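# I'd like to go over a predicted model; first the sequence, then the structure.
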Amino acid sequence: MKGVGVVPKDQRLLLIDHPEPMITGPTEVKVRTLQVGICGTDREICTFAYGQPPAGDDYLLLGHECVGEVVEVGTGVKSLKKGDLVVPSVRRPCGDPKCGPCREGRQDFCETWNFTERGINQRHGYMAGYFVEEVAYLTTVPPELRDVAVMAEPLTVAEKGLAQAWQVQHRVPGWEHHNRDGKGRGHGRTAVVLGAGPIGLLGAMKLLIEGFRVFVYSRSPKPNFKAEIADAIGATYISSVKMGPDDFGQLVGNIDLVYEAVGEAHVTFDLMRVLGINGVYILTGIPAVQGPIPVYADSLMRNIVLKNQAIVGTVNASPQAFIDAIRDLGEFKKRWPKELAALITGRHSIDAHRELLTGKAQGIKNVIEFA
Ligand SMILES: [Zn+2]
Ligand SMILES: [Zn+2]
């Protein structure tokens, strides 16, 4: 079967004839790939910054954002059957018996850093016709989400990020709304999403359904397509080019939560200066490593202490985050069917892989359709 892969030792991106995988154990599931999303991680692997093939192979199949249809299940699989839709997760546990998180199925907190990742690190990804996976790493998708479930994996970033925020903010009495009125746990709180890419806009949707007042703070001046989506779902889009962090902070009032989805350190630390009292700042972006940059270190440190601020990094994701992402995609689809669908700005055949992975980044979320 045809797959999209990289050969890091020759720095090549190519269509690869990869053997169709077969079920070899009772708890495995064979899945026909339907759609694979492309993101910055895939594009970075194509610059050969990272991306490691499995032991014994000189190539790595790409793709970690995926929805597929079950075609065959192992003899021990009871929870899935042929025809079911599934989304696979990405990270796989390390082998160290002493790694507590991995032994409890929380490899997102792996302590040895010897985890592997499908499509990224020592395991083939999903950018091919079929894949085989352990049932434990698959989350069931209801049929009505077939066209949007490819966004589940990027949404897990927000799911885990917000789950972390709730845990951290338990330190602040009354921070979480009691929600007896159904207005959401975030009711009365203000959240800022930094960045308006797919991770940012999905995060904005998540924060809105939790009841937060939401601002999306991103570079491009209005009018633009991403700003239109942000405003249409009930967030307020502000361009960071038109309004610097200080004026933005004035406009918004106390910023209770920032969800960073931009992956650029200078804008991230610039906005950190206006995080509010008892605020939490969730970092999800992974910038390319460059030289040192100036930051307002004294005011940041004063604020972090005097305003009880918490700065939290989060990498996706837990099995629960995948379950939550699928459930919330259903909620998004009910509330904002047009806007949710509009996040997928391009559906392409496998022949477009080179342009998508190495050409100019365009649109919001691009996917390759396999079936
Ligand atoms: Zn991704
Ligand atoms: Zn581990």
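Yes, it's here. Ligands and ions are numbered 1, 2, ... in the order given.

# Residue nearest the middle of the chain, spatially speaking?
residue 154 (2.6 Å; CA atoms, centre = their mean).

# Doesn't that residue belong to a helix?
Yes - counting by DSSP: H, G, I helix; E, B strand; the rest coil, residue 154 is located in a helix.

# Give me the mean pLDDT for the strand ranked longest in the chain.
Looking across the chain with DSSP state E, the single longest strand is strand 28-38. Regarding strand 28-38, the rounded mean pLDDT is 98.

# That one near ligand 1 anywhere?
No - judged by CB under 5 Å from the ion, strand 28-38 and ligand 1 are separated, with a smallest distance of 6.6 Å. From N, CA and C alone the C-beta is placed, and that goes for glycine too.

# What helices and strands are in contact with the following helix or strand past that strand?
Going down the chain from strand 28-38, the next helix or strand is helix 40-45, by DSSP states H and E. Applying 3 or more CB pairs under 8 Å, 6 or more residues apart in numbering; DSSP states H and E, we find helix 40-45 packed against helix 353-358.

# ok so, going back, partners of the longest strand of the chain, with directions?
According to DSSP bridges, strand 28-38 forms sheet pairs with strand 65-73 (antiparallel), strand 130-134 (antiparallel), strand 365-369 (antiparallel).

# got the contact list for the longest one?
Outside of strand 65-73, the residues within contact range by CB atoms under 8 Å, 6 or more residues apart in numbering are 23, 28-39, 80-88, 125-126, 130-131, 135, 141, 146, 149-154, 371.

# buried subset of those residues?
Neighbour counting by 16 or more other CB atoms under 10 Å classes 23, 28-31, 33-39, 80, 84-88, 125-126, 130-131, 135, 141, 149-154 among those as buried.

# pLDDT score for the residue in the stretch 251-371 of the chain that ligand 2 sits nearest to?
Nearest to ligand 2, among the residues of the stretch 251-371 of the chain, is residue 315, at 12.7 Å (CB to the ion). Note on residue 315: pLDDT of 96.

# and residue 3, what are its phi and psi?
phi -140, psi 160 (degrees, to the nearest 10).

# Report how many residues lie close to the nearest residue to it once chain neighbours are set aside.
Excluding its sequence neighbours, the residue lying closest to residue 3 (CB to CB, 6 or more residues apart in numbering) is residue 128, at 3.1 Å. Neighbourhood size, residue 128 [other CB atoms under 10 Å]: 26.

# which residues does residue 128 contact?
Residue 128 touches 1-4, 16, 18, 33, 61, 63, 370, counting by CB under 8 Å, 6+ apart.

# How about residue 132?
Residues in contact with residue 132 (CB under 8 Å, 6+ apart) are 21-24, 28-31.

# Indicate which one of the strands paired with strand 28-38 is closest to residue 258.
With CB to CB as the criterion, residue 258 lies closest to strand 365-369 of these, at 22.4 Å.

# How about that closest one and ligand 1, any contact?
No - Strand 365-369 lies out of reach of ligand 1 by CB under 5 Å from the ion, never closer than 9.6 Å.

# shouldn't residue 183 be in contact with residue 177?
Yes - contact status for residue 183 versus residue 177: in contact at 6.5 Å, counting by CB atoms under 8 Å.

# what about these two, which has more around it?
residue 177 (17 against 13).

# And the residue of the stretch 101-250 of the chain found nearest ligand 1, how far from residue 369?
Of all residues in the stretch 101-250 of the chain, the one sitting closest to ligand 1 is residue 154 (5.8 Å; CB to the ion). As judged by CB to CB, to the nearest Å, residue 154 and residue 369 stand 17 Å apart.

# next one: residue 190
The gap separating residue 190 from residue 369 is 39 Å, by CB to CB.

# now do residue 274
Residue 274 is 42 Å from residue 369, by CB to CB.

# what's whichever residue of the chain sits closest to ligand 1 in contact with, if anything?
Closest residue of the chain to ligand 1, CB to the ion: residue 39 (3.2 Å). When contacts are counted by CB under 8 Å, 6+ apart, residue 39 touches 65, 154, 198, 365.

# Generate a markdown table for those, with pLDDT as supplementary columns.
As requested, these are exported to a markdown table (pLDDT from 0 to 100):
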| residue | pLDDT |
| --- | --- |
| 65 | 98 |
| 154 | 98 |
| 198 | 97 |
| 365 | 98 |
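
# Most neighbours among these, please name it.
Tallying neighbours with other CB under 10 Å puts residue 65 at the head of these, with 29 neighbours.

# Once you drop chain neighbours, what's closest to it?
Per CB to CB, 6+ apart, closest to residue 65 is residue 37, 3.4 Å.

# again with residue 213
residue 190 (4.8 Å).

# so the one you found makes contact with residue 252?
Yes - at 6.0 Å, residue 190 and residue 252 qualify as touching, with contact defined as CB under 8 Å.

# Give me the common contacts of the two.
Contacts common to residue 190 and residue 252, judged by CB under 8 Å, 6+ apart, are residue 215.

# and the stretch 1-150 of the chain, which residues reach ligand 1?
Looking at ligand 1, the residues of the stretch 1-150 of the chain close enough under CB under 5 Å from the ion are 39, 41, 65.

# what about the first one, distance to residue 90?
If I follow you right, that is residue 39. 11 Å.

# repeat for residue 236
Distance check for residue 236 against residue 90: by CB to CB, it reads 32 Å.

# tell me the contacts of the residue nearest to residue 156 when sequence neighbours are not counted?
Nearest residue to residue 156 in three dimensions, chain neighbours excluded: residue 317, at 3.5 Å (CB to CB, 6+ apart). Contact analysis of residue 317 by CB under 8 Å, 6+ apart lists 89-91, 108, 153, 156-157, 159-160, 325.
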